[in-house]
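Asker: dropping a prediction and its sequence here:
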Amino acid sequence: MTGPYLVTGASGFAGRHLLESRAAGTKAIDQVRDPDAWAGETWAAGLADVTPVRGSLASLDGWADELPPLKGIFHFAALVRHSRIGADEVYATNVEGTLNMVRLAARHACRVVMLSTSGTVACFDSPAEAADETADFCEPTVAGWPYYHSKVVAERRARQLADELGVELVFIRPPVLLGPGDHRFRSTSNIIRMLRGRLPFLIQGGMHFIDIRDAMHAIWCAMERPEARPVYHLAGTSSTIEEFFDMVGEVAGVRAPHRILPYWLAKRIAAADEWLGMKLRGEPLHFFPGPVVVEMARHYWGLESLHARDELGYASREPLETLRDTVEWLRANHPKLRK
């Protein structure tokens with residue numbers, strides 16, 4: 001097929017890199033909630049062959065009927081909220097939105113590549129454990145964390161629906177995505193805190209990250225290769241939290257935090273922050289990471305890939321290169337880090 005690709009979540013970190021890494025002449029339609037906001041994205045101003053369309057993941061009514069024949073769908077949109085407050089909205093967006101993209105793909109007889117997360121299968125109590133593409137969902141561990149659990153539910157239900165409708169559906173499960181260009185400053189939020197001297201302590205646990213530029217190369221290959229494999233893992237650099245921030249400190253020339261706050265104490269403070277905030281103003285105070293974030297932080301995220309290198313040409317670059325490019329971009333673009 002020669003039509004455009006549909007991209008959901010185009011205005012985010014991953015969507016930006018997907019669009020910027022297109023081959024010349026590759027057309028894209030971006031599903032956005034607000035075309036005016038999209039037009040205000042300075043980084044998007046120079047993108048060629050990209051057309052925004054107003055639409056909602058909650059329903060295909062109206063906007064989807066106006067689409068031309070699609071070559072494929074990149075489903076990146078998700079509500080990333082690590083809190084049990086407002087969990088219904090997280091499930092509605094992440095599950096129902098995914099199912100609607102499968103239904104849309106059935107109409108167009110095209111492939112869906114969905115950006116999922118390694119957190120659906122690779123969450124452990126020990127750094128010695130790891131999950132490859134054959135692993136079961138780690139549902140007992142993540143059941144109380146709405147974002148990760150919504151991705152488990154979305155994968156399970158979308159696979160069932162895709163099989164029923166005859167849709168090629170590919171899940172890409174990366175760990176944390178880092179690199180330059182995080183214009184919303186979300187994936188890089190803890191690096192920003194460290195660079196500003198506002199990360200006074202750590203919780204003992206693990207970190208696993210890859211470079212977003214490497215991820216986008218693999219995702220394009222997953223869409224364009226003749227055969228659709230159901231799942232790919234994109235494994236990268238796995239470390240302890242302390243080792244990760246030591247690497248950030250090395251490339252940034254700043255001292256990394258080494259004070260470890262006991263998990264039991266962090267969990268109590270997080271619960272108190274949330275409880276008091278809800279009592280006083282109907283939302284957490286945000287003076288401290290939320291309970292779900294604290295619970296997640298003490299885990300390890302071992303990931304292995306069986307097929308990405310041979311089938312997608314995927315390779316994870318040196319971690320210090322990714323972190324150096326991340327820090328340099330943040331210092332040039334974050335309003336509180338610019339010199």
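Answerer: Alright, I've got the coordinates.

Asker: list the contacts of Pro35.
Answerer: Pro52, Val53, Arg54 (Cβ atoms under 8 Å, 6 or more residues apart in numbering). In this view, the C-beta of every residue, glycine as well, is placed from N, C-alpha and C.

Asker: name the helices or strands packed onto the host helix or strand of the first one?
Answerer: When secondary structure is defined using DSSP states H and E, the element that contains Pro52 is strand 50-54. For strand 50-54, the contact count by 3 or more Cβ pairs under 8 Å, 6 or more residues apart in numbering; DSSP states H and E identifies strand 28-32, helix 35-39 as packing neighbours.

Asker: helices and strands of the chain: which one has the lowest mean pLDDT?
Answerer: Least confident helix or strand of the chain, by mean pLDDT, DSSP states H and E, is helix 35-39 with a mean of 87.

Asker: in that one, what counts as buried?
Answerer: Using 16 or more other Cβ atoms under 10 Å as the test for burial, helix 35-39 gives Trp38.

Asker: now the helix or strand hosting Met194: mean pLDDT?
Answerer: Taking DSSP H and E as the criterion, the element that holds Met194 is helix 189-195. For helix 189-195, the mean pLDDT works out to 96.

Asker: next secondary structure element downstream of that helix?
Answerer: Using DSSP H and E, the helix or strand that follows helix 189-195 in sequence is strand 206-211.

Asker: C-terminal to that following strand, what's the next element?
Answerer: Strand 206-211 is succeeded, C-terminally, by helix 212-224 (DSSP H and E).

Asker: which residues does that next one contact?
Answerer: With contact meaning Cβ under 8 Å, 6+ apart, helix 212-224 is reached by 5, 13-14, 17-18, 21-22, 72, 74, 111, 113, 115, 170, 172, 174, 177-179, 181, 187, 228-229, 232, 234, 236, 308, 311-317.

Asker: ranges for the strands of the protein?
Answerer: In the chain, strands defined by DSSP state E lie at 5-8, 28-32, 50-54, 72-75, 111-115, 169-173, 176-178, 206-211, 231-233, 237-240, listed in chain order.

Asker: identify whichever of these lies nearest to Trp301.
Answerer: Ranking these by proximity to Trp301 (Cβ to Cβ) places strand 206-211 first, at 4.0 Å.

Asker: helices or strands next to the closest one in the packing?
Answerer: The helices and strands touching strand 206-211, judged by 3+ Cβ pairs under 8 Å, 6+ apart, are strand 176-178, strand 237-240, helix 241-252, helix 319-333.

Asker: what about the residue nearest to Asp325 when sequence neighbours are not counted, neighbour count?
Answerer: Closest residue in space to Asp325, ignoring its immediate chain neighbours: Pro180 at 4.9 Å, by Cβ to Cβ, 6 or more residues apart in numbering. Other residues within reach of Pro180, judged by other Cβ atoms under 10 Å, total 21.

Asker: ok, Pro180 touching Arg324?
Answerer: No. The pair formed by Pro180 and Arg324 falls short of the contact definition of Cβ atoms under 8 Å, at 9.8 Å.

Asker: low-confidence ranges, the chain, go.
Answerer: Across the chain, the ranges flagged by pLDDT under 70 are 1, 339.

Asker: how about the strands of the chain in a markdown table, adding distance to His217 and mean neighbour count?
Answerer: Written out in a markdown table, the entries for the strands of the chain read as follows (distance: least, Cβ to Cβ, whole Å; neighbours: other Cβ atoms under 10 Å):
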| stretch | distance to His217 | mean neighbour count |
| --- | --- | --- |
| strand 5-8 | 16 | 26 |
| strand 28-32 | 16 | 24 |
| strand 50-54 | 19 | 16 |
| strand 72-75 | 14 | 26 |
| strand 111-115 | 13 | 25 |
| strand 169-173 | 12 | 24 |
| strand 176-178 | 13 | 23 |
| strand 206-211 | 10 | 23 |
| strand 231-233 | 12 | 23 |
| strand 237-240 | 17 | 19 |
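
Asker: adding distance to Tyr91, write those strands out as a markdown table.
Answerer: Shown next, in a markdown table, are the strands of the chain (distance: least, Cβ to Cβ, whole Å):
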| stretch | distance to Tyr91 |
| --- | --- |
| strand 5-8 | 17 |
| strand 28-32 | 20 |
| strand 50-54 | 24 |
| strand 72-75 | 16 |
| strand 111-115 | 16 |
| strand 169-173 | 18 |
| strand 176-178 | 22 |
| strand 206-211 | 25 |
| strand 231-233 | 21 |
| strand 237-240 | 29 |
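
Asker: so which of these comes closest to Ile192?
Answerer: Sorting the strands of the chain by Cβ to Cβ, the top spot, which is the nearest, belongs to strand 176-178 at 11.8 Å.
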